[in-house]
Every structure is written in C-alpha cells, then in structure tokens.
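**Student:** Sequence and computational prediction follow.
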Amino acid sequence: MTDVMTRTKDRLADGTRIDELIDVERREVQIRTLSDHELYDLEMERIFGKAWLLLGHETEIPNPNDFVLRSMGEDQVIVARARDGEIHVSLNVCPHRGMRVCRSDSGNLPVHRCVYHGWAFRPDGAFIGSPVEREKMHGEIRTKAELSLKKARVTVYGGLIFATWDQDGPSFEEFLGDMKWYYDMLFCRTDRGLEVLGPPQRFVLDANWKAASEQSASDGFHTLTLHQWLGEIAGFGNGDLTTSMYGVEVTSRLGHSLRCTHLAKKFEQVAGTRASELTVEERLAMFPPPGISKEMVPELMRNLKPDQLKLLTTTPPQVGNLFPNMLIAFVYVPQADGTVLGLIAVHAYVPRGPGRMEFVNWLLAEKDTPEPLKQAMLRESIHMFGTSGMIEQDDSDTWPEMTQVARGSQSRKVTLKYQAINTVGRPADWPGPAEAYDGFTKDDTQWNWWLAYRDHMVSAD
Amino acid sequence: MTGNTAVATATADAGTARRVPVGSAIYNGIVEFLYDEASLLDQIDLVAWGKTLATDLIYTVPLRQTMPLSQQAASIVRTTAHYHDDHRSISTRIARLTRTKSAWAEDPPSRTRRLVTNIRVTETAQADEFAVSSYLLMTRSRCESPDYHLLSGERRDVVRKTDDGFKLARREVILEQSVLGMPNLAVFL
C-alpha cells in the first residue's frame, strides 16, 4: 500500500508538485528541498533505492571472505568477496528478526553468524542454516533461498565497487552515459589500477546530503570565496584564484560532471615554453597526473586513446562528481619546491536523515606509484581533504548552515540560483563527448545535477 | 613509523620504563606544560602554541574501526588518518588560521574547552624525553547551536625538556569514535 503510494506520488502533503520544486525556466531550486522530511523519504526510494551507489574499492577486500560494512542510503550492507573472488553486496539485516548480522567494520569471515538466534550466511548472502537444524527454527514455509540476505546488483568499475537495488534498471555503463570516456581517463589508465591507501575517513555533519552533493557537481564559483585562503597563502594562480577558474566543464543530463583546468599557463610558468611545442611525453613528464611517475608514462600511453592523452596533458579533469552522491578529486597541488603533487580522493555523501549526512573519504593512489610518492600523496591528501583537510573543512562548515536555514517558514521559500549560464559553448577541436563548456566556470554542471535529481524524483514507475 | 629514530616512542613499555611519580618536579612541570597548552589552544593563541612544538614534531590522529574484542589492535588504523602532520604542515595549518582572512571553518571560531586528565609520565631511553599519556575531553560550541560537539581520546605524547622549556615532540591521539560527530577537525587536539 505504502509502496504503491510512494511510487505514484507526485505531490507533497501541502499540495506542492515535486517537479515544481525545481523551476526549469528560471533555473532555481526551493531551499525546502534541503530540509523536507517527506521529500527525503521519497529520495530514499527513488534515488537511493534505484541509482548506482559508490560503496568502496576492491582493494579494501582483496582476499576471499574479506568484507567491509557500508551504506546504501540508510541501509547498511555487507560488501564481501566470496571464495570464487566475486564481490557481493547484501543487506545487513537478518531475515529472521531484523538484527544486524555483521557488526565489525571490516574483517575476514567465511560465515556471518547473527548473534541473536544464530542464523548463518555466506559472504554471498546465501542462508546456510539456523542452529539445531532438525528443530526447524526457520520453519518450512520459506525455502532457504528465500531466507538469504537481500542482494543488491554489483559492478566493479576501475576497481570502484558500485551497487544498486534496481535489478532491472540501466547497466552501470548506461548510468555513466557518454561521461564514461572522461572517467576512464581517471580510473582506467594504468595496468594495475588504483588502490586505497587505507580505510576511509568517516564523520557525520548536520547537513542534508544534497547540500554537499550539488556542490560536488563541479561548483567552481565557491572556490573564489570559500577557499580564498588558497590564494592568500598557498599561491594558487599567483594569489589570484580567478585565473584557475578558466577551463572546460564537461557534464551530462544524467547529473555527472568534471571540471577540467588548463595546464598551458603552468607550462609557460615552469618551462618557459608553450604547451603546444611539447610532445605528449614531455608534457606528461612535466605535469604528471596524480600518482604517475615517469616510469609509468608508457602505461598511460598504452591504456588511453590519443584524444584522451591530449586532454590529460592539456586540460585534465581535476574535480567533479558522479550522480547522486559521489565526489571525485584528481587534484594537482603545487609544492613549495616547485614540483606538483597529485592527490586522488573520492567521497560518498551518505544520507543519515533529512538533516544529517555521513562524509566518507577514500584516499587512493595507483598501485604502481612508487611507495615514497604514495606516502607523500597520502600525507598531502590528509592535509587538504576530509576530516582535517584545510580545503574541505570550510565546505563541511557551510552545508549544516544551509540545511538549518532551509527549515524556516520564510527561508525555505528562498531559492537556490543556478543562473550563471555558459555562453561560449564547446571549445574548438574538443575531442571528448558529452556537453562541454569552455571559459570561466559557470553553473551548467550543477544545474544538470538538479535536472537529473528532478528526473529521478518524478519518474513514477 | 618514519621520522627521527633518536626520539623515544610515545608508548613506553610499562613493564620496564620507570614511572615518573605524581608530584615530582618533572611530573609537575609536564602537568603545567599540558595545562598551559590547553589554555593556549582554548584561547586560540595558535602562534604561541606553535612555539611549544619541537621542529621534529610528528602529530597524528589515527582512525578507529569497530572490531571484535579479539582483534582490538586492529581497531586503531595508522595508514589513513584524521591527522598525519609534521612541524612544517602544522605550521601551514596555523598560518592558514592566523595569517589569512578566510579560514571560514574557524571564523567565527568555535568556543572550545580542553579538559586534560589522567596524566601518567614515564621515562624513556632519552634522558630529556618523557612519554606522557593523558586523557582529553574537548567540548566544542559552534555558532548558535546549544549542542556541544564532543571529542574524547587518549593523547600519547613525547615531551622533551629543553633550555627553552618543554616542547611537544610526538603526539598521537587515540580517539573513541569510528565516525566522528563533528563536521571537521579544524581545531587541534
């Protein structure tokens, strides 16, 4: 009954049409979207019950029976590797009486046994049995297959583990759409791929998950003010952050985006030469992508197409998102000694109620990155991103305030504006797919995020 | 553990290391050092706090994970971490907070109170260095919210006696939370 109602519901209790929360003509979003409980419940069904969600990286569970606990929306899941090496994602709720089956954040177990009544499950979620088998605690009404943990559909892309509850929905490739070409440049460019540098940092904040997620869709403007200190102290753009806001933003109606920034000026500063006069190899050696050593350059040349290499060495993606709640950072951080250190991080902004979210921060490097460089990346990532990160501590102080504001009876009618519209369009000779916007950062990427959000929230199937 | 091996480790072996008795001159000096430090941090005198740090400082805050009782050692994660800093990076953090006009995470600043208790001091292999374990409870009040953000943990320090007073040479803070309950660690522990 509830299920039927939520599936067909297109209005909130006060009569507001859900699709009208997002004013497509004026590119505005009502702030109540950040605090509305009813909307939140629908998001759990229509977005977190449907979309492909980031759960971790396969290097967190390298061996058979390894597992980690993660969340899909507010549902906790066991992400485990079975004996045959396959990765499975199962709801961490005992089908018997609803107890959490697994209670450790990570480990290695061939059998997950519920501590309440002893029902036992394999890493693939299959029900093994209950204690005193002949006394039939699990009865005869349900088959053992029916008593297994609820399974999500899983894919591993570039080592990243994604899952969805939508068994018959779009494939992960369809979900990525034409943005896949760009993500491949980041996640699928070396022979042995990425690895996590440890378990993720985790912290909760009193903010709606969308406050963080819409920003992850390549919000460039906030850098100028919220992260102004970078210009004051760290010398980005020689003190003027506006110079680093020129680039190319790529995005699609599926809500994904990446912000690519020009290296040309940096080549001039460092080498005194124009980027166009350098070969791809020379450019890669001068500004290696995050975690790529000189020795690894041939791997890049093997794994990427010439057009992808061209972008990676002239206008590489640095930050962006994957709808609905994943941030991607492949950031070039200039060091005091004149070199550039690359940092790799992905975040999941996990809903924990309308006014709460968990920030999960994985730090990564290529497996083949030399160990000293890996350690330098790890240290610098901790200094810049996540819990104590000097960049992101400013972000995480902002989102709770927006969420708090969104509760006021007058404040909630204020709208979020996305009216900085790119008028330059696609750069000449741009080799990549999807929408591409040249010039100064604009709001088109974030607006696509909200259009994708709207599509999910009004699709009533 | 990387860094200067000449510096004693913060986890002196309780079985062999000599305890510095409560009330002794060294113990009292270290207690005063920790109380003064808490005061500097709570008053947000970060430049003065920076002067109490040894130049070979290693400052870390490991992650915690929920693990079975039989695997408690693995509940402390020292690969990734909340903080993994040295003197230079801590100085950069201080500079951001004190010399820029836009460290918004702490401007306006949180009102904090660091309660430091259960102080135990042991000698180390270095005559001028002491392993100091203390409990920390930090209350953090931010803007108009009446709810405190709380953080508790055990500091495992190495404190060095110098001609210029005591200096902090190592700090590792073992927190209790696997998921922190505050929006960032824009404050020092």
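**Tutor:** Received the coordinates, thanks. Numbers count the residues shown, from 1 in each chain, chains lettered A, B, ... in the order given.
**Student:** what's the spacing between stretch B:164-177 and its chain's center?
**Tutor:** Here stretch B:164-177 is found 3 Å from its chain centre; the criterion is C-alpha atoms, centre = their mean, to the nearest Å.
**Student:** mind saving the C-alpha coords of that stretch as PDB?
**Tutor:** These are the backbone C-alpha positions of stretch B:164-177, laid out as PDB (Å, rounded to 0.1, in the frame of the first residue of the first chain):
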ATOM      1  CA  ASP B 164      63.600  26.800  26.400                       C
ATOM      2  CA  GLY B 165      61.100  24.800  28.500                       C
ATOM      3  CA  PHE B 166      59.200  21.700  27.500                       C
ATOM      4  CA  LYS B 167      58.400  21.000  23.800                       C
ATOM      5  CA  LEU B 168      56.000  18.600  22.200                       C
ATOM      6  CA  ALA B 169      58.000  16.200  20.100                       C
ATOM      7  CA  ARG B 170      55.300  13.500  19.400                       C
ATOM      8  CA  ARG B 171      51.600  13.400  19.700                       C
ATOM      9  CA  GLU B 172      49.300  10.600  18.800                       C
ATOM     10  CA  VAL B 173      45.600  10.900  19.800                       C
ATOM     11  CA  ILE B 174      43.600   7.700  20.100                       C
ATOM     12  CA  LEU B 175      40.000   8.700  19.600                       C
ATOM     13  CA  GLU B 176      37.000   6.600  20.600                       C
ATOM     14  CA  GLN B 177      34.700   7.400  17.700                       C
END
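**Student:** Check which residues of it are buried.
**Tutor:** Buried residues in stretch B:164-177, counted by 16 or more other C-beta atoms under 10 Å in any protein chain shown: B:166-175, B:177. For every residue, glycine as well, the C-beta is placed using N, CA and C.
**Student:** Return the member of those nearest to chain A.
**Tutor:** B:Q177 (8.4 Å; C-beta to the nearest C-beta).
**Student:** Need phi/psi at the closest one.
**Tutor:** phi -80, psi 130 (degrees, to the nearest 10).
**Student:** mean confidence score for the helix ranked longest in chain B?
**Tutor:** Taking DSSP state H as the criterion, chain B has its longest helix at helix B:25-42. Helix B:25-42 shows a mean pLDDT of 98.
**Student:** quick one: is that helix near chain A?
**Tutor:** No - contact of helix B:25-42 with chain A (C-beta under 8 Å from any C-beta of the partner chain) is absent, the minimum separation being 14.6 Å.
**Student:** Quick check: which helices or strands does that helix pack against?
**Tutor:** strand B:19-20, helix B:46-50, strand B:111-123, strand B:129-141, strand B:149-162, strand B:165-175 (3 or more C-beta pairs under 8 Å, 6 or more residues apart in numbering or on different chains; DSSP states H and E).
**Student:** Include mean pLDDT and distance to chain A when you put the ones you listed into JSON lines, please.
**Tutor:** Below are the helices and strands packed on helix B:25-42 laid out as JSON lines (pLDDT from 0 to 100; distance: least, C-beta to the nearest C-beta, whole Å):
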{"stretch": "strand B:19-20", "mean pLDDT": "98", "distance to chain A": "31"}
{"stretch": "helix B:46-50", "mean pLDDT": "98", "distance to chain A": "14"}
{"stretch": "strand B:111-123", "mean pLDDT": "98", "distance to chain A": "15"}
{"stretch": "strand B:129-141", "mean pLDDT": "98", "distance to chain A": "12"}
{"stretch": "strand B:149-162", "mean pLDDT": "98", "distance to chain A": "10"}
{"stretch": "strand B:165-175", "mean pLDDT": "98", "distance to chain A": "10"}
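**Student:** most neighbours per residue, which of the ones you listed?
**Tutor:** Of all these, strand B:165-175 has the most neighbours on average by mean count of other C-beta atoms under 10 Å in any protein chain shown, namely a mean of 21.
**Student:** Which secondary structure elements does that one sit against?
**Tutor:** Contact here means 3+ C-beta pairs under 8 Å, 6+ apart; on that basis strand B:165-175 packs against helix B:25-42, strand B:53-64, strand B:76-86, strand B:149-162.
**Student:** picking that back up, dump the buried residues of stretch B:164-177 to TSV, plus distance to B:V158.
**Tutor:** Listed next are these as TSV, based on distance: C-beta to C-beta, whole Å:
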residue	distance to B:V158
B:F166	11
B:K167	10
B:L168	8
B:A169	4
B:R170	4
B:R171	8
B:E172	9
B:V173	13
B:I174	15
B:L175	19
B:Q177	24
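**Student:** just so I have it, where are all the strands in the stretch 151-300 of chain A?
**Tutor:** With DSSP state E, counting those that start in this stretch, the ranges of strands along the stretch 151-300 of chain A come out as A:153-157, A:160-164, A:194-196, A:201-205, A:246-251, A:257-261.
**Student:** Most tightly packed of those strands?
**Tutor:** Each of the strands of the stretch 151-300 of chain A was scored by mean neighbour count; the highest is strand A:257-261, a mean of 27, by mean count of other C-beta under 10 Å.
**Student:** re earlier: contacts for the longest helix of chain B next, please.
**Tutor:** B:20-21, B:46, B:48-49, B:52, B:112-116, B:119, B:121, B:130, B:132, B:134, B:159, B:161, B:165-166, B:168, B:187-188 (C-beta atoms under 8 Å, 6 or more residues apart in numbering or on different chains).
**Student:** So for A:D240, what's the pLDDT?
**Tutor:** 77.
**Student:** quick one: it and A:L230 touch, right?
**Tutor:** No - using C-beta atoms under 8 Å, A:D240 is not in contact with A:L230, being 10.7 Å away.
**Student:** Give me the more crowded residue out of those two.
**Tutor:** A:L230 (23 against 11; other C-beta atoms under 10 Å in any protein chain shown).
**Student:** Now do the more buried one, the pLDDT please.
**Tutor:** At A:L230, pLDDT is 90.
**Student:** nearest spatial neighbour of A:D455, skipping sequence neighbours?
**Tutor:** A:R253 (7.6 Å; C-beta to C-beta, 6 or more residues apart in numbering or on different chains).
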